[in-house]
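**Student:** dropping the sequence and predicted coords here.
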Amino acid sequence: MKVIIVVVFILFSVTNAKQTENERKENPCKSTYIKKAREGGLRSLSIFEMPVYYNDVRRCEDVIESNKLFVDIEQEQITEDFTQSKQMRSWTSTFAYCTIIILTSLYMDLLISK
Amino acid sequence: MFQNRYLFIFSFFAGILFSQPKFSIGMDVGYYKPAMSVSSENQLPQASGFSADVLPGYSMFYQFFPGARVGFSHSFSIHIDQTKSGTPFSRIFSYRMFILETFFLARERLEWNFSLAPTWNKGSIYLDAKGNFTEWDIFLTGFNDTQGSISVISSDKMTTYWFGFASFIGLRYYIRSWCAIDIKTGFMNNYYDNKNWKFQGEKVVGPEMTISGEPIITVKVIFGW
């Protein structure tokens, strides 16, 4: 029974992948990965999807002869990362202060001992 | 919950690979200044440059909280040479750090990060010593071999482990959203004891090293998602 479930799961994945593959080959700019990155940002892609996305980007750039769209997607991601992490949250600032104090005291100790 | 531990490990890594992880890997080069006691009384060859002060290595991190990462970093100090008497010698120190890091972006693409890490380090010294074994001579003589004694290479190592503690402050610049350069300055405290070496299961005395408090600088190239 377990084997049947695994085989069905693999067959489903392969069939699904083939359908997407055909769509991607016809028009790389309509790739689901590019669509996903435009809607959810680059961080919405998993590690496996990243190489496929960049491959599609390269092919799409050849078709539309411009990289502006993808530069914008990347810039949006960088701006979003900045917005999310421009301030320290919760305990992280306490941790940072501890690190600064420990490091400063170690360097001072080194200087004094010399 | 999981009867099979391999299923648990597979599920864990599959989760990382198929989800939207905050996973990053990096290659790094560090620089520090350890002092090893090389004297006329011991056989240690003089280390310099790459073999003495440079720490190549790698690291991996997982962002588990907004503004916080947990990771593992492994740096090596490798010295391959010959002892003063000409025996092939190699020495490896592995600095293994279990890092907790918090960060914030001061500007777009520019990140400050702060790390504290307990370390579990290992030192190994290998010698490829040549010697004559009477067992082999007797064995070969039994077949009427007349060559006489043949030198046998006997490779073995002595090892030691020690705890330590590292702290770093770093500045990271994101070249792309998935690629960054990270420069860290920090301090490594090592609780190394030269009487804790082991050779063939026996406690032996190893080389004296002054590495209790070492300032360190590292440069990392980081690829992350």
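**Tutor:** On my side now, so go ahead.
**Student:** report the mean per-residue pLDDT for the helix or strand hosting residue B:78.
**Tutor:** For residue B:78, the host element (DSSP states H and E) is strand B:68-82. Average pLDDT, strand B:68-82: 91.
**Student:** which parts of the helix or strand that it is followed by are buried?
**Tutor:** Using DSSP H and E, the helix or strand that follows strand B:68-82 in sequence is strand B:88-107. Along strand B:88-107, these residues count as buried under the neighbour rule (16 or more other CB atoms under 10 Å in any protein chain shown): B:89-97, B:99-105. Using the backbone N, CA and C atoms, a C-beta is placed for each residue, glycine as well.
**Student:** so what pLDDT did the most centrally placed residue in chain B get?
**Tutor:** In chain B, the C-alpha closest to the average C-alpha coordinate belongs to residue B:94, at a distance of 2.0 Å (CA atoms, centre = their mean). Note for residue B:94: predicted pLDDT of 94.
**Student:** give the contact list for it.
**Tutor:** Counting by CB atoms under 8 Å, 6 or more residues apart in numbering or on different chains, residue B:94 touches B:74, B:75, B:76, B:121, B:122, B:123, B:124.
**Student:** ok, now how distant is it from residue A:98?
**Tutor:** To residue A:98, residue B:94 is 26 Å away according to CB to CB, to the nearest Å.
**Student:** ok, which stretches of chain A are helices?
**Tutor:** Counting by DSSP state H, chain A has helices at residues A:2-26, A:32-40, A:49-64, A:68-85, A:92-113.
**Student:** is the shortest one positioned near chain B?
**Tutor:** So that's helix A:32-40. No. Helix A:32-40 stays clear of chain B (CB under 8 Å from any CB of the partner chain), getting no nearer than 8.6 Å.
**Student:** how far off helix A:68-85 does that helix point, in degrees?
**Tutor:** If you take axes from the mean of the first three to the mean of the last three CA atoms, to 10 degrees, helix A:32-40 sits at 50 degrees to helix A:68-85.
**Student:** repeat that for the third one.
**Tutor:** The directions of helix A:49-64 and helix A:68-85 differ by 140 degrees, with the same axes, to 10 degrees as the criterion.
**Student:** which strands or helices does helix A:49-64 pack on?
**Tutor:** Counting contacts by 3 or more CB pairs under 8 Å, 6 or more residues apart in numbering or on different chains; DSSP states H and E, helix A:49-64 packs against helix A:32-40, helix A:68-85.
**Student:** mind putting those helices in a markdown table, mean pLDDT and distance to residue B:195 included?
**Tutor:** Shown next, in a markdown table, are these (pLDDT from 0 to 100; distance: least, CB to CB, whole Å):
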| stretch | mean pLDDT | distance to residue B:195 |
| --- | --- | --- |
| helix A:32-40 | 86 | 58 |
| helix A:68-85 | 86 | 46 |
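**Student:** how about the residues of chain B near chain A?
**Tutor:** Contact residues (CB under 8 Å from any CB) of chain B with chain A: B:16-23, B:65-68, B:100, B:102-109, B:111-112, B:114-116, B:167-169, B:174, B:176-178, B:186-187, B:189, B:213, B:215, B:225.
**Student:** among those, name the buried ones.
**Tutor:** B:16, B:20-23, B:66-68, B:100, B:102-105, B:109, B:111, B:114-116, B:167-169, B:174, B:177-178, B:186-187, B:189, B:225.
**Student:** now the strands for chain B?
**Tutor:** Per DSSP state E, chain B carries strands over the ranges B:23-31, B:35-36, B:54-65, B:68-82, B:88-107, B:110-131, B:152-176, B:179-190, B:197-199, B:202-204, B:209-210, B:213-224.
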